[in-house]
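**Student:** output the structure for:
(chains A and B)
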Amino acid sequence: MKLQQATRYAIWAVIELASRPNEQIRAQELAQAYQISQNHLVRILHALTRANIVSSARGPGGGFSFCGNAKRLTLYDIICLFETKWPNEEGQNLQTGNALANELGRVLHEVDRITSATLRSVTVHTIINNARRSSGSHPLSDALSKAS
Amino acid sequence: MTRPVNGPRDAAAPLESCAERPNVTVSDAEATDLAEIIDLDARIVGYTRADFWRDLFRQRATSATLCVLVAKSSGKIVGYAVGEVRSWPVRAPICGWLYAIGVQKEHRQQKVATALMTELISRFTKNGVGAIRTMIDIDDHLLMSFLRSFGMTAGPFVELEMRVSQP
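**Tutor:** Numbers count the residues shown, from 1 in each chain, chains lettered A, B, ... in the order given. Got it, this is the predicted structure:
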C-alpha cells in the first residue's frame, strides 16, 4: 500500500505522541527523531489538531500532545484525513460492463476490502503495545504474564 | 468461526482487573448452562444457533481440549468463549483455535471478554500450543480490533470460498 508522505508523517507523529502521554513534545524534536522536514511536520500537526487528535500549547514547555482516544483511533481514521483519494475504489471504476474489466475490478475490490478491514481494526494503542511486545517476549507468554 | 462481540478494544489487560470484581468469574460451562448460553448467544448474534451449541457440548464430552468457558456475574452468564486445540489439514503445527467469543451488551467495556480470552490462552498454552488462530467476519472491525489488541495479526492462511449450485 502506497501512502503519501504527509500520511506517513501523520501516523508517525500520532503514534509517537500517543506513546508519550502527558508530555508536550516540540515539533523540532519529532522532526529530528524521524529525520523529516520540520515545516512539513508542523503543517501536519496543525491538521491533526483541527481533527482533535493532537493538541498544542504555546510558550516555554509547550509543544504538541496526543488528546485522542488511542484505544479507538485507528490507522484508517488517520489515513482518511490525509489521503483524499483513498479508498480509491479503483475496482469500482473498472466496472464498465466488459466482463474482463468487471472481473479485474472484483479482484481489486477484494484487495481494497482486506486493506480497509486491516486498517480499521488496528488502533494506535495496539500499534504501541505490539511494538513493546515485539521488543520483549513471545506474545502468548507476554499476554499471560500481564495476567499474572 | 468467531462470532461478533463488541468487547473492549484495549490491550490484554490484567486478569486481576476482572478477578477483583467479586461478581464476575470465568469457569468451564456446566451442562446446565446450555440453555442460558443459547439464549445469550441469540441475543448477541441476533439469531438462534441451538444446534451449534448442542454439538459443542456433545463434542466436549469426547475432546480433552475443547473449552467452553462462561463468565458469570451474580450467577448469570454474561459472556462465553469457545476454543480447542486441534490439528489442521494444511501443513501447520497444532494450534489453539478460537471458535467463538461473546459478551452481553450490558457487560461490555468491563473487560469480560479480556478475562475470557486470557483464560482461553492459558488453557491453550498448558496444552503446549504455540499459536492461536481464528476466523472472523471481515467487516467485524470491533472484534478484529479486540483480538489485535492481544497481539493477533493476519496469519499465513487466507480463507477462500465459492458458491455452488444445488443438484
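**Student:** okay, CA-based contacts and neighbour counts for the rest of this
**Tutor:** OK.
**Student:** ok, residue A:86 - how many residues close by?
**Tutor:** Residue A:86 has 15 neighbours, counted by other Cα atoms under 10 Å in any protein chain shown.
**Student:** what secondary structure does it sit in?
**Tutor:** Secondary structure, DSSP: H, G, I helix; E, B strand; the rest coil: residue A:86 is coil.
**Student:** which residue is the nearest non-sequential neighbour of it?
**Tutor:** Nearest non-adjacent residue to residue A:86, counting by Cα to Cα, 6 or more residues apart in numbering or on different chains: residue A:80, 6.7 Å away.
**Student:** again with residue A:17
**Tutor:** residue A:66 (5.3 Å).
**Student:** quick check, pLDDT for that neighbour.
**Tutor:** pLDDT, residue A:66: 97.
**Student:** how close does it get to residue A:16?
**Tutor:** 9 Å (Cα to Cα, to the nearest Å).
**Student:** neighbour-wise, which of these two wins?
**Tutor:** residue A:66 (26 against 19).
**Student:** which ones are touching that one?
**Tutor:** Contacts for residue A:66 (Cα atoms under 8 Å, 6 or more residues apart in numbering or on different chains) come out as A:14, A:17-18, A:21, A:53-55.
**Student:** for it, give me phi and psi.
**Tutor:** Per-residue torsions, residue A:66: phi -80, psi 130 (degrees, to the nearest 10).
**Student:** may I see the buried residues of the lengthiest helix in chain A?
**Tutor:** In chain A, assigned by DSSP state H, the helix with the most residues is helix A:99-121. Using 16 or more other Cα atoms under 10 Å in any protein chain shown as the test for burial, helix A:99-121 gives A:101-102, A:104-106, A:108-109, A:112-113, A:116-121.
**Student:** which other residues reach the longest strand belonging to chain B?
**Tutor:** Ranked by residue count, the top strand of chain B under DSSP state E comes out as strand B:76-86. Defining contact as Cα under 8 Å, 6+ apart, one finds that strand B:76-86 is touched by B:36-37, B:40, B:65-72, B:94-104, B:107, B:112-113, B:116-117, B:120, B:124, B:127, B:129.
**Student:** name the nearest residue to residue 38, sequence neighbours excluded.
**Tutor:** You didn't pick a chain, so chain A it is. residue A:31 (5.2 Å).
**Student:** chain B, not that one
**Tutor:** Nearest one to residue B:38, counting by Cα to Cα, 6+ apart, is residue B:50 at 5.8 Å.
**Student:** ramachandran angles for the one you found?
**Tutor:** When read as degrees, to the nearest 10, the backbone of residue B:50 gives phi -60, psi -40.
**Student:** hmm, which helix or strand of chain B has the shakiest average pLDDT?
**Tutor:** For chain B, the helix or strand with the lowest mean confidence is helix B:16-19, at a mean of 39 (criterion: mean pLDDT, DSSP states H and E).
**Student:** I'm done for today, thanks for sticking with me.
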